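**Q** need a structure here:
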Amino acid sequence: MLISTIGQGLLWAILGIGIFLTFRILDFPDLTTEGSFPLGGAVTVTAITIGTPPILATIIGMVAGMLAGLTTGMLYTKGKIPVILAGILVMSALNSVMLFVMKSPNLSLLNQPTLFKELNFLHLPLHFDVIVIGLLLIIMVIFLLYLFLHTDLGQAYIATGDNEVMAKSLGIKTDRMKILGLVVSNGIIALSGSLIAQSEGYADVNKGIGVIVIGLASIILGELLFGELTMLERLVAIVIGSVLYQLLILMVIKLNFDTTYLKAYSSLILAICLMVPQIRKKILGGKLK
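**A** Alright, predicted model coming up:
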């Protein structure tokens, strides 16, 4: 179970990285996440069931998430709809899109090929296929993001989140940067949804409920553990935070807590993590006095 949990933590870490691009860099919460995550799984699973190779199906699922992010970006920047409301509108609409794609609320991958089954020839121990795929894709995503964020375009994207007024004065098209961030972010989030759907063997339209909490927990735990970091180190910290979060959830299960309320436990863990800096500040402040 420990190996399985670590593998799941790696797959969920991709979600955390996607959320990081909007939540931390652009400094706004994107609720499209709860729609683009299950959309990636729904599109991928549907594509696989009609005979599409798993790798291509995963890419298609990722593109679907990018289109969801583009829609939110257009509503936000061109339609002047507040970003939270724009995300809610797209998230709600995606529920119908997934039902249209899958023709049912859920769809199984029973006896179907997946990315993980492609590694059968390696004869890996149980659950190690998830770790291998997870590590490979995390390395790829972090490497590509690191390269992107060090280009002129990437720096313009970071500047938009740091100080939009200053960025505009420098001639940066901030609306384009926001759209770019939402597209890339939701593409990565959909990739995570696609991988988890293949790992669990099914897609479900309700799979996205509460996933933003899991992604935020990965980010917050990574920041609590390591503090001030470079951009590359922050991306790696998200991965460590995601694995740690999954281990915390495993501990909750092992302590025989009722798993019916698992999402409540998840929210509680995140709330505690968010309060730690304030608690630490008060304790240290009290000692200094």
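
**Q** quick one: the helices in the chain?
**A** 2-20, 33-49, 54-77, 83-102, 128-149, 152-162, 164-169, 174-200, 211-226, 231-254, 262-288 (DSSP state H).

**Q** Let me know which of the ones you listed is the nearest to residue 118.
**A** Taking C-beta to C-beta, helix 54-77 is the member of the helices of the chain nearest to residue 118, at 6.4 Å. (C-beta placed from N, C-alpha, C; glycine too.)

**Q** Point out where the stretch 151-289 of the chain drops to low pLDDT.
**A** Counting by pLDDT under 70, the low-confidence segments of the stretch 151-289 of the chain come to 284-289.

**Q** most packed of the helices of the chain?
**A** Neighbour counts (mean count of other C-beta atoms under 10 Å) averaged over each of these peak at helix 33-49, with a mean of 29.

**Q** related to what we said a few turns ago, of the helices of the chain, which approaches residue 122 most closely?
**A** Comparing those by C-beta to C-beta, helix 128-149 comes nearest, at 7.8 Å.

**Q** between that closest one and helix 2-20, how big is the angle?
**A** Orientation of helix 128-149 against helix 2-20 (axes from the mean of the first three to the mean of the last three C-alpha atoms, to 10 degrees) gives an angle of 20 degrees.

**Q** Compare the helices of the chain and report which one is nearest to residue 114.
**A** Nearest to residue 114 among the helices of the chain is helix 174-200; the distance by C-beta to C-beta comes to 4.1 Å.

**Q** residues contacting the nearest residue to residue 199 once chain neighbours are set aside?
**A** In space, and not counting its chain neighbours, residue 199 is closest to residue 130: 5.6 Å by C-beta to C-beta, 6 or more residues apart in numbering. By C-beta atoms under 8 Å, 6 or more residues apart in numbering, the contact set of residue 130 is 4, 7-8, 10-11, 116, 199.

**Q** Tell me the one among these nearest to residue 106.
**A** Residue 106 has its nearest neighbour among these in residue 199, at 15.2 Å by C-beta to C-beta.

**Q** shouldn't that closest one be in contact with residue 10?
**A** No. Counting by C-beta atoms under 8 Å, residue 199 does not reach residue 10; the two are 10.2 Å apart.

**Q** want to throw the contacts of residue 130 into TSV with distance to residue 24?
**A** Output for the contacts of residue 130, formatted as TSV (distance: C-beta to C-beta, whole Å):
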residue	distance to residue 24
4	29
7	25
8	23
10	20
11	20
116	30
199	26
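
**Q** May I ask which of the residues you listed comes out lowest in pLDDT?
**A** Within these, the minimum per-residue pLDDT falls on residue 4 (87).

**Q** distance of the residue nearest to residue 74 when sequence neighbours are not counted from residue 30?
**A** Among residues not flanking residue 74 along the chain, residue 179 sits closest, at 6.9 Å (C-beta to C-beta, 6+ apart). Here the criterion is C-beta to C-beta, to the nearest Å. By it, residue 179 lies 12 Å from residue 30.

**Q** what's the answer for residue 237, then?
**A** Residue 237 is 20 Å from residue 30, by C-beta to C-beta.

**Q** what's near enough to touch residue 54?
**A** For residue 54, counting by C-beta under 8 Å, 6+ apart, the contacting residues are 44, 48, 113-115, 117-118, 198.

**Q** go again using 7 Å as the cut-off
**A** Shown in contact with residue 54 (C-beta atoms under 7 Å, 6 or more residues apart in numbering): 48, 113-115, 118, 198.

**Q** now for the residues you listed, which pair is the farthest apart?
**A** 48 and 118 (11.6 Å).

**Q** Tell me who's in contact with the residue nearest to residue 244 when sequence neighbours are not counted.
**A** In this structure, residue 244 finds its nearest non-sequential neighbour in residue 221, 5.4 Å apart by C-beta to C-beta, 6+ apart. With contact taken as C-beta under 7 Å, 6+ apart, residue 221 is in contact with 241, 244-245, 273.

**Q** Closest one of these to residue 73?
**A** Closest to residue 73, out of all of the contacts of residue 221 and judged by C-beta to C-beta, is residue 241, at 26.7 Å.
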